[in-house]
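> The sequence and its predicted three-dimensional model are supplied below.
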Amino acid sequence: MKKHHNKLYFGKYTFKTIFKMPWAHTLYPTSDQHLINHVNGTLGTHKKPSNLAAFIMKNRSKMKFRIQQKITAFYTNEDLGKYLITEYWDEWYGVETVNPKFKKLGRNSVGCKRLPHGKFKYQVHLKKDIHQLISNSDRESLWRLIENNEEHCLVTNKYVLDYLIGKYPYCYHGYFYISEQKMLTPIYMIAQKGIDKVIKFIQVKNGNHKKITR
């Protein structure tokens, strides 16, 4: 990430969440009175613009936002970023962070001739007793993220799967796979307290067994 990017989120906010909201332009101008008109239904009964207007009014002092033609971006703390992703899941496009905690992602690297299951570059290991470390709502959000991105996520362990879907209330160990690095940030946003480590698999060219180190 370039250090001049939005002056590191204006020197205050750690998360940038990006959404495709073609209807968000109706919120302009984003004055309180115009947003109040949306909330009161004066400008129509469209639920999503109304809810977003209410969110902006309530949290204006805690964030910055930018409504553009193709995307809408919010600069917030972790809690508000997580709320926005959950509330506007269908519109969610991406997330970036300047949180130094995330610099440790993927620090464990393993060389391999073939990626696990042919395409998965990361293995997310859960902490022992994860069921005591994250809430049920976070567990549900994590499973929703995995389920809605089945092309990029894979759970092979029956006990991990039973826990994530709510079939079994406990989970003592296990891991799941993801194929894209961009999935790591939302996973950590949702379940950071329950994640032990992330293993990165690096496919070695020409079948070379040379050990890969960072």
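Structure received.
> Buried residues, the longest strand seen in the chain. List them.
Under DSSP state E, the strand in the chain containing the largest number of residues is strand 195-203. The neighbour-count check on strand 195-203 (16 or more other CB atoms under 10 Å) flags Ile195, Val198, Ile199, Lys200, Phe201 as buried. (Glycine included, C-beta is placed from N, CA and C.)
> Next: stretch 159-170.
Val160, Leu161, Tyr163, Leu164.
> Pull the number of nearby residues for the nearest residue in space to the second one that is not next to it in sequence.
Read it as Leu161. By the measure of CB to CB, 6 or more residues apart in numbering, the closest residue to Leu161 outside its immediate chain neighbours is Val155, 4.7 Å from it. Neighbouring residues of Val155 were enumerated by other CB atoms under 10 Å; the total is 21.
> Over to Trp92?
Applying other CB under 10 Å, we find 19 residues neighbouring Trp92.
> Enumerate every residue touching the closest residue to it other than its chain neighbours.
For Trp92, the nearest residue in space outside its immediate sequence neighbours is Ile85; the separation is 5.2 Å by CB to CB, 6+ apart. The neighbours of Ile85, taking CB atoms under 8 Å, 6 or more residues apart in numbering as the test, are Thr17, Trp92, Val95, Pro186, Met189.
> Now render those as TSV, adding pLDDT.
As requested, those are exported to TSV (pLDDT from 0 to 100):
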residue	pLDDT
Thr17	88
Trp92	88
Val95	81
Pro186	91
Met189	89
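> one step back: what packs against the longest strand of the chain?
Judged by 3 or more CB pairs under 8 Å, 6 or more residues apart in numbering; DSSP states H and E, the packing partners of strand 195-203 are strand 108-112, strand 122-126, helix 184-191.
> Please repeat the previous calculation with a cut-off of 6 Å.
Counting contacts by 3 or more CB pairs under 6 Å, 6 or more residues apart in numbering; DSSP states H and E, strand 195-203 packs against strand 108-112, strand 122-126.
> Tell me which other helices or strands the last one touches.
The criterion is 3+ CB pairs under 6 Å, 6+ apart, and the helices and strands that strand 122-126 contacts are strand 175-178, strand 195-203.
> how about those strands in CSV, adding mean pLDDT and distance to Ile56?
Below are the helices and strands packed on strand 122-126 laid out as CSV (pLDDT from 0 to 100; distance: least, CB to CB, whole Å):
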stretch, mean pLDDT, distance to Ile56
strand 175-178, 95, 32
strand 195-203, 85, 31
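> For Ser135, find the nearest of these.
Between Ser135 and these, the shortest separation by CB to CB is 14.4 Å, and it involves strand 195-203.
> How far does the closest one sit from its chain's centre?
In this view, strand 195-203 has its centroid 17 Å away from the chain centroid, taken as CA atoms, centre = their mean, to the nearest Å.
> Cool, thanks, talk later.
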